[in-house]
Each structure stands twice: as structure tokens, then as C-alpha cells.
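Peer 1: this is the structure alone, sequence omitted:
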């Protein structure tokens, strides 16, 4: 089963590119939402550019990466079905399910913005941007420590970091508005 490690490597590569897309797209959403406050000419130019950028990122990088990462993960389970017997793997799969829900909700936001429907503030999107980070931390701690409970410390650490980031976002917003 020498090719098992090649499949695993491909899975990891596409997980990384999937997360890259999930990290960057909310940032583009923020810029898109904030472009609506610009004067009309500037607004049109910026929004059209952000629509192109998000479409390319989402449809050419993020979605294909999500599909390939999932496909290679399924292939790994086919090659090594015993993985499902580990408690940490069961917890990881819960986080993968949450990640897929996060991805689908992000897709819904993407579709709304492509249709010029803005249902969220740029401030909300700054918080939304942290969702993928929290999931990534949990999954990395799970697969590194191979414990169904040790990941909690990593997640608590990222939640603490998130609180610090939220405070930083609020401070940045306050300084920007002064």
C-alpha cells in the first residue's frame, strides 16, 4: 500500500487549498460589502472586480479543492476502513461535517453577493472569517494528538485567540472611524 501515502499527501494538499479559499473569501466579501459605501462610479468598478475575484476563487480553487479533499478522504477510508474505529477520527468527522456546513453557508453568501444582495455587515464577515480557523485548529489538534479530548485545549486556545482578534477588530473599527 505504498500509494496510500500518495493519496494521503493529495488529500492534505487539497485540504490546504480548500482552507486557503475559505480563509480568503470572507475577506473579499468584506471588501465587496464595504465597496457599497463608495461613490457610484468607484462602487461599480470595485463591486464588479470583487465579483470576478470571488467567482474565480470560489469556483476555480475552493470548490474543486473541497471536492478533491473529500474524494481523497473517502479513498483513504476505503483503503483503511479501520480508521473509523478511532474515537478521535469520529470527532474529526464531526468537525468535517461542520466545515461542510460552513462551506455551504459561505456559498450562500457568495451567491447573494453575486446578485447584489447584501444581508450581512462587513463586521459580521470579520467574525465569520474566524469560523474556518477554529475548525482547522480543532482538526489539526485531533489528527496530531490522536485523542478525542486533547483537541479541546487547542480549541480553547483558538477561542481565546478569537476573543483577542474580536477585541482587535473592535479596536480597529473604532480607530478607523475616528
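Peer 2: Nice, I can see it. This structure is a prediction, so every number in the text was calculated from the model and none was measured. Numbers count the residues shown, from 1 in each chain.

Peer 1: elements contacting the lowest-mean-pLDDT helix or strand in the chain?
Peer 2: The weakest-scoring helix or strand in the chain, judged by mean pLDDT, DSSP states H and E, is helix 151-177 (a mean of 78). Helix 151-177 sits against helix 122-128, helix 131-145, with contacts defined as 3 or more Cβ pairs under 8 Å, 6 or more residues apart in numbering; DSSP states H and E. Yep, even glycine has a C-beta here, placed from its N, CA and C like the rest.

Peer 1: TSV for those, including mean neighbour count and mean pLDDT?
Peer 2: Listed next are those as TSV, based on neighbours: other Cβ atoms under 10 Å; pLDDT from 0 to 100:
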stretch	mean neighbour count	mean pLDDT
helix 122-128	17	91
helix 131-145	19	87
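
Peer 1: out of the ones you listed, nearest to residue 167?
Peer 2: Closest to residue 167 of the helices and strands packed on helix 151-177 is helix 122-128 (Cβ to Cβ; 11.9 Å).

Peer 1: for this structure, what's the longest helix?
Peer 2: helix 3-35 (DSSP state H).

Peer 1: now the next helix or strand after it: average pLDDT?
Peer 2: Using DSSP states H and E, the helix or strand that follows helix 3-35 in sequence is helix 40-56. In this model, helix 40-56 has a mean pLDDT of 97.

Peer 1: helices and strands around helix 40-56, which ones?
Peer 2: Using 3+ Cβ pairs under 8 Å, 6+ apart, the elements in contact with helix 40-56 are helix 3-35, helix 87-114.

Peer 1: quick check: buried residues in the longest one?
Peer 2: In this case it means helix 3-35. For helix 3-35, the neighbour count (16 or more other Cβ atoms under 10 Å) marks 7-8, 10-11, 14-15, 17-19, 21-22, 24-26, 28-33, 35 as buried.

Peer 1: let me know the average pLDDT across that helix.
Peer 2: Helix 3-35 comes out with an average pLDDT of 97.

Peer 1: helices and strands around it, which ones?
Peer 2: Packed next to helix 3-35, using 3+ Cβ pairs under 8 Å, 6+ apart, are helix 40-56, helix 63-79, helix 87-114, helix 122-128, helix 131-145.
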